[in-house]
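Asks: Okay, sequence plus prediction incoming.
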Amino acid sequence: ELKVEQNPLFLSMQEGKNYTIYCNYSTTSDRLYWYRQDPGKSLESLFVLLSNGAVKQEGRLMASLDTKARLSTLHITAAVHDLSATYFCAVDMRPAGNTPLVFGKGTRLSVIA
Amino acid sequence: GAVVSQHPSRVICKSGTSVKIECRSLDFQATTMFWYRQFPKQSLMLMATSNEGSKATYEQGVEKDKFLINHASLTLSTLTVTSAHPEDSSFYICSARQAKGTQYFGPGTRLLVL
């Protein structure tokens, strides 16, 4: 059974600071997603990481994937208040099949002045 | 990008009534759709996998007679919550999967059962 663990689950950080959210998963997979969720809203896709060593950046967020370590990171640079949200990673066991994504528990990020 | 819609976006109903939620893939054919439920401050929990033209596969602990899923076409899946109770109040999110695997999420339906 695939398990996905995120840490931390809660993160309060000051504006301007940097931090990393970690996502570990238990079985082999070569497709990992990061999503953002604002209160009362559905999921917004941030990144799709498709291969070992993949790195993607969008604004102050950068995501990476190490399939050998079964680890993905979401790095936040110089945080701003607008980044406050819950961030989920999700792993796709069989991209070519009909299996669902397996989600981590989410990291609730609060950026304070 | 691909778009998935859900209707209604929010619904309030009385205890004991049934509620139907629609999930549509607007610009692609989805052979598989997934239904998730999310309680406040929790992650998404998979309820069932819906394949077009066949019976849905339910996750352990999800009552198939209570949560009826119909996937009648490649662009539409419906979830009917039968005899709803207050504990069924939740945020229901569907996702639709393209043939090559990319999964797209709907905007969610907030259900409140009084």
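Replies: All right, it came through fine. Numbering: from 1, shown residues only, chains lettered A, B, ... in the order given.

Asks: which bits of chain A sit near chain B?
Replies: Contact residues (CB under 8 Å from any CB of the partner chain) of chain A with chain B: A:31, A:33, A:35, A:40-43, A:45, A:48, A:88, A:92, A:95-101, A:103-106, A:108. The way it works is simple: take the backbone N, C-alpha and C, and place the C-beta from them, glycine included.

Asks: neighbours around the nearest residue to B:Val3 once chain neighbours are set aside, how many?
Replies: The shortest distance from B:Val3 to any non-neighbouring residue, by CB to CB, 6 or more residues apart in numbering or on different chains, is to B:Leu26 (4.3 Å). If you count neighbours by other CB atoms under 10 Å in any protein chain shown, B:Leu26 ends up with 11.

Asks: List the contacts of residue 74.
Replies: Because you didn't say which chain, this covers chain A. Remark: with contacts taken as CB atoms under 8 Å, 6 or more residues apart in numbering or on different chains, A:Leu74 is in contact with A:Thr20, A:Ile21, A:Cys23, A:Trp34, A:Leu46, A:Phe47, A:Leu61, A:Met62, A:Ala63, A:Tyr87, A:Cys89.

Asks: think we crossed wires, I meant chain B
Replies: Applying CB under 8 Å, 6+ apart, we find B:Leu74 in contact with B:Ser25, B:Gln29, B:Ala30, B:Thr31, B:Glu52.

Asks: For the third one, what are phi and psi?
Replies: Main-chain torsions, B:Ala30, degrees, to the nearest 10: phi -110, psi 110.

Asks: Would you check how far apart the nearest residue to it once chain neighbours are set aside and B:Gly108 are?
Replies: Of all residues not flanking B:Ala30 in the chain, B:Ala96 sits nearest, at 3.6 Å (CB to CB, 6+ apart). Per CB to CB, to the nearest Å, B:Ala96 is found 14 Å from B:Gly108.

Asks: Comparing these two, which shows the higher neighbour count?
Replies: B:Ala96 (29 against 23).

Asks: what is the rounded mean pLDDT of the helix or strand encompassing B:Cys23?
Replies: Taking DSSP states H and E as the definition, B:Cys23 sits inside strand B:19-25. Averaged over strand B:19-25, pLDDT sits at 96.

Asks: So what are the sheet partners of the helix or strand following that strand and their directions?
Replies: Counting by DSSP H and E, the next helix or strand C-terminal to strand B:19-25 is strand B:32-38. Strands that pair with strand B:32-38, judged by DSSP bridges, come out as strand B:45-51 (antiparallel), strand B:90-97 (antiparallel).

Asks: Kindly reformat those as CSV and extend each row with distance to A:Phe10 and mean pLDDT.
Replies: Putting those into CSV (distance: least, CB to CB, whole Å; pLDDT from 0 to 100) gives the following:
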stretch, distance to A:Phe10, mean pLDDT
strand B:45-51, 20, 92
strand B:90-97, 20, 95
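
Asks: Who are the contact partners of A:Val91?
Replies: So A:Val91 contacts A:Leu2, A:Val4, A:Tyr25, A:Ser29, A:Arg31, A:Leu32, A:Tyr33, A:Leu101, A:Val102 (CB under 8 Å, 6+ apart).

Asks: Can I have the buried ones of those as a ChimeraX selection?
Replies: Here is the ChimeraX command that selects only those of the contacts of A:Val91 that count as buried (16 or more other CB atoms under 10 Å in any protein chain shown):
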select /A:4,25,29,31,32,33,101,102
